[in-house]
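**Student:** here is my input; please provide its structure:
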Amino acid sequence: MSFCQFFGGEIYKDHFKPGMYVCSKCNHPLFSSRSKFAHSSPWPAFTDTIREDSVTKMMETLTAFKVLCGKCGNGLGHEFVNDGPEEGVSRF
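**Tutor:** You can find the predicted model right below:
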């Protein structure tokens, strides 16, 4: 599964079958379906990456990090601190 189409047509937002989400540019493993949860944003939402080096994060604000593919630097969106499905859990 490639992740993520930014300009409409996001087909994985409501996709909850088991699998792995990879970078759409280089196929680097990013997220597991086990960390995916339903959210009101127009994109898929995850609580954690597959590995620590799956993504690179750059702080944008105190509560948001810009998230890039850990291999090729493709822009993936953001990590929102404490905006996950449980208190104290972040949302990618």
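
**Student:** who touches K25 in this structure?
**Tutor:** Residues near K25 by Cβ atoms under 8 Å, 6 or more residues apart in numbering: C69, C72, N74. For glycine as for every other residue, the C-beta is placed from the backbone atoms N, C-alpha and C.

**Student:** can you redo the residues you listed as TSV with neighbour count?
**Tutor:** What follows is the contacts of K25, written out as TSV (neighbours: other Cβ atoms under 10 Å):
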residue	neighbour count
C69	22
C72	12
N74	18
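
**Student:** just name the closest of those to V81, please.
**Tutor:** Taking Cβ to Cβ as the measure, V81 lies nearest C69 of the contacts of K25, at 20.1 Å.

**Student:** where does this structure dip in pLDDT?
**Tutor:** 1-14 (pLDDT under 70).

**Student:** quick revisit: the contacts of K25 in helices, which ones?
**Tutor:** Members of those lying in helices (criterion: DSSP state H): none.

**Student:** in strands, which of these fall?
**Tutor:** C69 (DSSP state E).
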